[in-house]
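A.B. asks: sequence? don't have it. structure:
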């Protein structure tokens, strides 16, 4: 029963983080809308779409915004706590010192991967690091679309292409982690496990991004008036409000 309750809290925390602020290759926040077009496709009456690419400077600004986001540190803290509870990286030890080492490792993982994937590789390979919501309406079609975004992305010309920056970014960052992980966790098998975990994590994040607006509307529709009044007084950024 305790394990079920703990997993429920973990799931709710993960969903809340994903809904309030995009991670990884999410679209840019409002603070950068003058440099990064948040809605990168514009529909015309004839059904055609105009695609607005990101310049290298915009991609770097997107990386910087994600780097300084408080949700980045919150996510790293959660992952460090989970890793310590599950006994991951036992050579880091326990207690506060062991948690601090795990927190530093997970934060370094996040920041290095974002730089490599969101800015460096996407700029060199001319690919777009953002997530573009599906235009489909069927549930399974949207799930399939979101999970396949780790494989398919957009080039800077607006065409669909293999997500090379995703795969190379996950692979390179997984190899870089061998520089600061415990010696016993630097094997080829460990590196490949981290590579697969990174791709799986991004697939789950894309699913959450796809359905986050629906979940937010659902919760807001059924939320008590007292909660709505409290929400109005909180300093929530406009782009994060339902």
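C.D. replies: Happy to help now that I have it. Values in this document were obtained by computation on a predicted structure and should not be read as measured data. Residues are numbered from 1 along each chain as shown.
A.B. asks: For residue 175, which residues are in contact?
C.D. replies: Contact analysis of residue 175 by CB atoms under 8 Å, 6 or more residues apart in numbering lists residue 191. Glycine gets a C-beta too; all of them are placed from N, C-alpha and C.
A.B. asks: Considering helices and strands only, name the one in this protein with the lowest mean pLDDT.
C.D. replies: helix 2-20 (a mean of 41; mean pLDDT, DSSP states H and E).
A.B. asks: just for the protein, where's the confidence low?
C.D. replies: Along the chain, segments meeting pLDDT under 70 span 1-49, 227-228, 231-242.
A.B. asks: all helices of it, in order?
C.D. replies: 2-20, 56-68, 70-85, 95-114, 122-124, 139-147, 164-176, 188-222, 225-233 (DSSP state H).
A.B. asks: Can I get those in JSON lines including distance to residue 157?
C.D. replies: Shown next, in JSON lines, are the helices of the chain (distance: least, CB to CB, whole Å):
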{"stretch": "helix 2-20", "distance to residue 157": "29"}
{"stretch": "helix 56-68", "distance to residue 157": "15"}
{"stretch": "helix 70-85", "distance to residue 157": "30"}
{"stretch": "helix 95-114", "distance to residue 157": "24"}
{"stretch": "helix 122-124", "distance to residue 157": "14"}
{"stretch": "helix 139-147", "distance to residue 157": "21"}
{"stretch": "helix 164-176", "distance to residue 157": "15"}
{"stretch": "helix 188-222", "distance to residue 157": "22"}
{"stretch": "helix 225-233", "distance to residue 157": "41"}
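A.B. asks: Out of those helices, flag the one nearest residue 156.
C.D. replies: Closest of the helices of the chain to residue 156 is helix 122-124, at 8.8 Å (criterion: CB to CB).
A.B. asks: contact partners of the closest one?
C.D. replies: Taking CB under 8 Å, 6+ apart as the rule, helix 122-124 contacts 56, 59-60, 128-129, 165.
A.B. asks: Check which residues of that helix are buried.
C.D. replies: The neighbour-count check on helix 122-124 (16 or more other CB atoms under 10 Å) flags 122-123 as buried.
A.B. asks: Stretch 149-161 now?
C.D. replies: Residues of stretch 149-161 classed as buried: 149-150, 153-156, 161 (neighbour count, 16+ other CB under 10 Å).
A.B. asks: Okay, now it: how far is its last residue from its first?
C.D. replies: Terminal residues of stretch 149-161 lie 10 Å apart, using CA to CA, to the nearest Å.
A.B. asks: Just give me how far it sits from the chain centre.
C.D. replies: How far stretch 149-161 lies from its chain's middle: 17 Å, per CA atoms, centre = their mean, to the nearest Å.
A.B. asks: The closest residue to residue 198 other than its chain neighbours and residue 104: what is the separation?
C.D. replies: Closest residue to residue 198 apart from its sequence neighbours, by CB to CB, 6 or more residues apart in numbering: residue 170 at 3.9 Å. Distance from residue 170 to residue 104, counting by CB to CB, to the nearest Å: 20 Å.
A.B. asks: what about the two, which has more around it?
C.D. replies: Shown here are residue 170 and residue 104; by other CB atoms under 10 Å, residue 170 has more neighbours (24 against 14).
A.B. asks: For stretch 122-142, measure first residue to last.
C.D. replies: 24 Å.
A.B. asks: er, stretch 160-168 actually
C.D. replies: End-to-end distance for stretch 160-168: 17 Å, by CA to CA.
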